[in-house]
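J.: Pasting a predicted model and its sequence here:
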Amino acid sequence: MNFLVNYAAQLTAFTDFSGALGARPDYVQGGGGNTSVKMAGQWMAIKASGFCLSDIRPDHAYAVLNYPVLRGFYRNHLAQDFENVEASGSAVAKEAIRQVDGLDSLRPSVEAGFHSLLDGFVAHTHSVYANLAACSDQAQAMMDKALADAGYGHVLVPYVDPGARLTFAIQDALTAYQEKNGRRPAVLLLQNHGIIAHHDDAAQCLHIHEDANQRFAAAFGTSFDAFPAPRMRRQGDALVSDTPWLAERLRGDAHPDQVLLEEPLYPDQMVFFKDVLGKTAVIDRVTGLVHYSVPEKNALTLEETLCAVVFIREILHKNGLNAISMGEAARRFIDGRESEKYRKSLAERNP
Ligand SMILES: [Zn+2]
């Protein structure tokens, strides 16, 4: 069987679907976010690690997995069953990879696990609008407000580092929602991370993703037009940012390097900025321009991520809300679980 020929229609739909999301720096910055499509109840094409959504073609930039294998692993286990859950999760993903003639063998996204649990088309982005809620200290309340009349279900997933543990957390959130509501939520908001929309139909999935983001933007008094178009220009051998919106905001000390580096709002911000910001990407605090001595692709990713982070922080501030960092969210989650245990132990002692 020739995979690329057999599934040509789905792979073309997957390409268009990924391209539509990848064209928007307010949805994905650099190689962030990922998409997948499931075929014939057995195969899942998912964006390969290290590629951008806009790189995806019917024969490029994705990996193919036997998704029922991956799904079974998560459905039949608990995170605590494993001594090293991340290693076990990636071993299963590796086993599930199918080599396809005519396709480079690439590593699937680390987020393949949660894609396997969801419907036919999955859009996962680090959208700045969803992240307004997801990176605020009022994530649940703001999501409930934004999506109240949306007509599709939504659930908040507490902050967990991306990987197998996050997949287990998503599975738990799906199960809890289903038990309560008798259906699955179409939208999942990942605290301090991003958003997932899923549907068996590609157009419906894109529609839900866009509609939810529009609603998030509106709930914070903003809109898609408010996000700038990140750009850069050459200056001799170096690259300099060319986004007036960003320069205006990076002038002075409203967004110091220390906050950008030490209080990351979402994992990609930490990954992209670490050992780069202040070293090979230097903000001139007089002009507000960023001077890059990294390859052009990386510079654009940094410019997009700076726009995203500054956008989120500024809009939250305008709304009188606090941005919370990943570390803070993780700490609160653990504290929450501790107090949960404490409440439980009290209840057991005093029935
Ligand atoms: Zn992600």
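T.: Thanks, I have the structure now. Numbering: from 1, shown residues only.
J.: Next, count neighbours for K274.
T.: 11 (other Cβ atoms under 10 Å). All C-beta atoms are positioned from the backbone trio N, CA, C, and that covers glycine.
J.: ok, and the closest non-adjacent residue to it?
T.: Computed as Cβ to Cβ, 6 or more residues apart in numbering, the closest residue to K274 that is not its neighbour in sequence is L261, at 7.0 Å.
J.: roughly how far apart are the one you found and N213?
T.: L261 sits at a distance of 27 Å from N213 (criterion: Cβ to Cβ, to the nearest Å).
J.: With S88 instead?
T.: As it turns out, when the distance is counted by Cβ to Cβ, S88 lies 34 Å from N213.
J.: Name the residue in these two with the higher neighbour count.
T.: Just comparing S88 and N213: by other Cβ under 10 Å the higher neighbour count belongs to N213, 25 against 16.
J.: I'd like the distance between the more buried one and L21.
T.: Applying Cβ to Cβ, one obtains 11 Å for the distance of N213 from L21.
J.: What helices and strands are in contact with the strand or helix carrying the residue nearest to K274?
T.: Per DSSP states H and E: L261 is located in helix 257-262. Helix 257-262 is packed against helix 267-273, with contacts defined by 3 or more Cβ pairs under 8 Å, 6 or more residues apart in numbering; DSSP states H and E.
J.: Show the average pLDDT along the helix it packs on.
T.: Rounded to a whole number, the mean pLDDT of helix 267-273 is 92.
J.: chain center to it: distance?
T.: Here helix 267-273 is found 12 Å from its chain centre; the criterion is Cα atoms, centre = their mean, to the nearest Å.
J.: what residues does the next helix or strand after it touch?
T.: If you walk from helix 267-273 toward the C-terminus, the next helix or strand you reach (DSSP H and E) is strand 281-283. Contact with strand 281-283 is made by L250, D257, F273, L277, L289, V290, H291, Y292, S293, V294, A299, L302, as judged by Cβ atoms under 8 Å, 6 or more residues apart in numbering.
J.: Around V276, count how many other residues there are.
T.: 19.
J.: likewise the one 4 residues further on?
T.: Other residues near T280 come to 14 when the count uses other Cβ under 10 Å.
J.: distance of it from T243?
T.: Using Cβ to Cβ, we find T280 at a distance of 18 Å from T243.
J.: shaky segments in this structure?
T.: Counting by pLDDT under 70, the chain contains low-confidence residues at 1, 333-351.
J.: Got the domain ranges for it?
T.: Domain assignment for the chain, taken from automatic domain parsing, gives 3-221, 228-318.
J.: Centre of the chain to stretch 313-321, how far?
T.: Its chain's C-alpha centre and that of stretch 313-321 lie 21 Å apart, by Cα atoms, centre = their mean.
J.: actually stretch 166-176, not the one I typed
T.: Stretch 166-176 sits 16 Å away from the centroid of its parent chain (Cα atoms, centre = their mean).
J.: How about residues contacting that stretch?
T.: The contact list for stretch 166-176 (Cβ under 8 Å, 6+ apart) reads 74-75, 78-79, 85, 89, 111, 113-114, 117, 155-158, 160, 184-185, 188, 190, 196.
J.: before we move on, the earlier item: among the contacts of strand 281-283, which ones are buried?
T.: Among the contacts of strand 281-283, those scoring as buried are L250, D257, F273, L277, L289, V290, H291, Y292, V294, A299, L302 (criterion: 16 or more other Cβ atoms under 10 Å).
J.: Dump those residues to TSV, plus secondary structure.
T.: Converted to TSV, the buried ones among the contacts of strand 281-283 look like this (DSSP: H, G, I helix; E, B strand; the rest coil):
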residue	secondary structure
L250	helix
D257	helix
F273	helix
L277	strand
L289	coil
V290	strand
H291	strand
Y292	strand
V294	coil
A299	helix
L302	helix
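J.: residue boundaries of the strands in this protein?
T.: In the chain, the segments counted as strands under DSSP state E are 34-39, 43-47, 62-66, 121-125, 154-157, 187-190, 194-199, 232-235, 238-241, 281-283, 290-292.
J.: between these, which gets nearest to R98?
T.: Using Cβ to Cβ as the measure, strand 62-66 is the one of the strands of the chain that comes nearest R98, at 4.7 Å.
J.: Kindly export the closest one (C-alpha atoms) in CSV.
T.: Extracted C-alpha coordinates of strand 62-66, given in CSV (Å, rounded to 0.1, in the frame of the first residue of the first chain):
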residue,chain,number,x,y,z
TYR,A,62,5.1,15.3,9.8
ALA,A,63,5.4,11.8,11.3
VAL,A,64,2.9,9.0,11.1
LEU,A,65,1.9,7.1,14.3
ASN,A,66,-0.3,4.1,15.0
